[in-house]
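1. I'll drop the sequence and a predicted model, then ask my questions.
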Amino acid sequence: MTVIRAKQALTARGWENDVLISINPDGRISSIKDAGTGSDPDTIQVGALVPAPANSHSHAFQRAMAGLTEKRGDSPTDSFWTWRQLMYRFLDALTPDQVEAIAALVQMEMLEAGYATNVEFHYLHHQPDGQPYDNPAEMAERICAAAATSGIGLTLLPVQYQFGGCDQRPLGPGQRRFGNDPDRYADLLEGSQTAISQLPPDRVLGVAPHSLRALSQQSLKAVAALRPDGPVHLHLAEQIPEVEEVQAHWGARPVEWALDNLVLDQRWCLIHITQMTAQETKTLARTGSVAGLCPLTEASLGDGIFDGVHWMQSGGRISVGSDSNIRISLAEELRQLDTSQRLRDHSRAALATAEQSTGRRLLEAVSVGGAQAAGRGSGWIETGQWADLLALDLDHLDLAGLRGDTILDSFVFAGDSRCVQHVWSAGRHMVRNGRHIRRDQIARAYRKAVAPLRDGL
Ligand code: ZN
């Protein structure tokens, strides 16, 4: 039994002072009570305890490319040139050992940033020539092995990716390692189930049809039906050319098509949705599906700005993910989400309400929405939920002397991951005093893995 004593805690009832939170050996919160006067030497003393959200969208292997794609090619219109060239080079080289080491680093950095869960949108499946490994779920197994090392909660979403575009052209050279027809995908899902069953019971297996460009309409619906109780994630309406391509082939804008043809409900997490009309925003928000937002990556790729103001006014649910993993920071992700609205609308505190400041509203929204997107029983500090907990350091210069919502506002807008004191994922105490307990081992393996990838860059 773990017992935490928090000076302040944001529970399902709101802020409480001097609280004792007990965690069962199974990783769930067993009680929340007033600390009283007694003090037990085994109790872990923390500053401000808040829910640790899920990181709802990640492609782990892309972490190794972070910071390496900031040049342009010769063509004035193609700003993706260096990104694509480097991606292809990496895809010709990445081995299962390297993928495991990169994923462990990503998960460690997520925990150190305050996330409890990695929702991995996993599409790098096969050997460089496109042939499956002897075990079709070899790479999925490596993501699970990384999670066993990092201690993060894993929601694994094996991706089905079949075509190179809406015209159903075959996959290009840079996409061979992703491709599966429905039979191969069924094998992959079965192998993934075996791999993930080795992890503690908070693990979740869901499915991910990649996007409207990568699947037929029939396959997309079939994939969504394969795990009726698990989460379904889909990239949707990220860039203008994608919207135009879907409109040309499917006769409707992507969100319009999804609203008319899919049973969108709480199982669904729609990734990006930066390209929506006002009507699409309102209607989609009301389905109860989660928006899987990746503000730092969307800014890095120039995707566009999600309409958070109208989405949240319509009761829409949100989560955040680090997607390309160019930067893994919960505080910065939430800051970018709000400041992008301010820049577009010439406003301040865009997503605050009369009752809740920006930091409080965003952290609560992504905790609840992230848990829904991850298919995970967490999101609030409440008895019976997984103990996904983030302790913020009230001795940090940006947080010292603060109370309640202002702690979260300062963490998001003035602070960064250095405010993170402790993190638990389903009761696993992986970050202590700001540092992951296996940081040295994970960092060493990562350095060794990326050295050959960086040779001759
Ligand atoms: Zn993505």
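-> Great, that's in hand. Numbering: from 1, shown residues only.
2. going forward, measure contacts between C-alpha atoms and count neighbours the same way
-> OK.
3. thought Gly73 was touching Trp81?
-> Yes. Between Gly73 and Trp81 there is a contact under Cα atoms under 8 Å: 5.5 Å.
4. okay, these two: which has more neighbours?
-> Between Gly73 and Trp81, Trp81 has the larger neighbour count (other Cα atoms under 10 Å), namely 17 against 13.
5. on that earlier part again, overlap in contacts of Gly73 and Trp81?
-> Residues touching both Gly73 and Trp81 by Cα atoms under 8 Å, 6 or more residues apart in numbering: none at all.
6. ok, Ser324 to Ser340 distance?
-> 19 Å (Cα to Cα, to the nearest Å).
7. give me the more crowded residue out of these two.
-> More crowded of Ser324 and Ser340, by other Cα under 10 Å: Ser324, with 23 against 19.
8. excluding chain neighbours, what is closest to Leu296?
-> Glu333 (5.9 Å; Cα to Cα, 6 or more residues apart in numbering).
9. which of the helices or strands spans that neighbour?
-> If you go by DSSP states H and E, Glu333 is part of helix 330-345.
10. with Leu86 instead?
-> helix 81-93.
11. next structured bit after that helix?
-> Past helix 81-93, the next helix or strand by DSSP H and E is helix 96-113.
12. now the angle between helix 330-345 and that following helix, please.
-> Angle between the axes of helix 96-113 and helix 330-345 is 80 degrees (criterion: axes from the mean of the first three to the mean of the last three Cα atoms, to 10 degrees).
13. show me what counts as buried in helix 96-113.
-> 96, 98-113 (16 or more other Cα atoms under 10 Å).
14. that helix packs against which elements?
-> If you count contacts as 3 or more Cα pairs under 8 Å, 6 or more residues apart in numbering; DSSP states H and E, helix 96-113 packs onto strand 117-122, helix 138-150, strand 420-425, strand 428-432, strand 435-436, helix 439-454.
15. the inter-axis angle of that helix versus strand 117-122?
-> Put simply, helix 96-113 runs at 150 degrees to strand 117-122, going by the same axes, to 10 degrees.
16. what about helix 96-113, average pLDDT?
-> Throughout helix 96-113, pLDDT has a mean value of 98.
17. got the angle for it vs strand 420-425?
-> 120 degrees.
18. what sits up against helix 96-113?
-> Residues from elsewhere that reach helix 96-113 (Cα under 8 Å, 6+ apart): 55, 60-61, 63-64, 116-118, 138-139, 142-143, 145-147, 149-150, 152, 325, 328-331, 417, 420, 423, 430-431, 434-436, 439, 442-443, 445-446, 449-450.
19. same check, this time on stretch 375-388
-> 10-12, 23, 27-32, 50-53, 116, 155, 202, 204, 230-231, 267, 364, 367-371, 389, 423-427.
20. how far does it sit from the chain's center?
-> 17 Å (Cα atoms, centre = their mean, to the nearest Å).
21. buried residues in that stretch?
-> Buried residues in stretch 375-388 (16+ other Cα under 10 Å): 375-383, 385-388.
22. I'd say Thr297 and Ile328 touch.
-> No. With contacts counted by Cα under 8 Å, Thr297 stays clear of Ile328, the gap being 10.0 Å.
23. of those two, which one has the most company?
-> Ranked by neighbour count (other Cα under 10 Å), Thr297 and Ile328 place Ile328 first, with 27 against 20.
24. so Cys269 sits in a helix?
-> No. Per DSSP: H, G, I helix; E, B strand; the rest coil, Cys269 lies outside any helix segment and is strand.
25. what's opposite Ser31 in the beta bridge?
-> Counting by DSSP bridges, Ser31 forms beta bridges with Ser22.
26. how close does it sit to Gly153?
-> The value you get for Ser31 to Gly153, if Cα to Cα is used, is 21 Å.
27. more neighbours: these two, which one.
-> Under the criterion of other Cα under 10 Å, the comparison of Ser31 against Gly153 puts Gly153 first, with 31 against 15.
28. can you pull the pLDDT of the more buried one?
-> pLDDT, Gly153: 98.
29. please apply the same query to Asp78.
-> For Asp78, the model assigns a pLDDT of 69.
30. residue ranges with poor pLDDT in the stretch 151-300 of the chain?
-> The model of the stretch 151-300 of the chain has no residue with pLDDT under 70.
31. could you pull out the strands for it?
-> Taking DSSP state E, counting those that start in this stretch to define them, one finds strands in the stretch 151-300 of the chain at 153-160, 204-205, 208-209, 232-236, 268-272, 290-293.
32. residues making contact with the last one?
-> By Cα under 8 Å, 6+ apart, the list of residues contacting strand 290-293 from outside reads 56-57, 266, 268-273, 306, 316-321, 369, 372-373.
33. is it true that Gly191 touches Pro136?
-> Yes. Under the criterion of Cα under 8 Å, Gly191 makes contact with Pro136 at 6.8 Å.
34. which of these two has more neighbours?
-> Legend: neighbour count by other Cα under 10 Å for Gly191 and Pro136, higher for Pro136 (21 against 17).
35. neighbours of the closest residue to that one other than its chain neighbours, how many?
-> Once flanking residues are discounted, Pro136 sits nearest to Leu188: 5.5 Å by Cα to Cα, 6+ apart. When neighbours are defined as other Cα under 10 Å, Leu188 has 24 of them.
36. ok, Leu188 - contacts?
-> Leu188 makes contact with 136-137, 158, according to Cα under 8 Å, 6+ apart.
37. for Asn17, helix, strand, or coil?
-> What three-state DSSP gives for Asn17 is strand.
38. following element in sequence after the strand or helix carrying Ala371, please.
-> Assessed by DSSP H and E, Ala371 sits inside helix 358-374. Using DSSP H and E, the helix or strand that follows helix 358-374 towards the C-terminus is strand 389-392.
39. right, I'll call it a day here.
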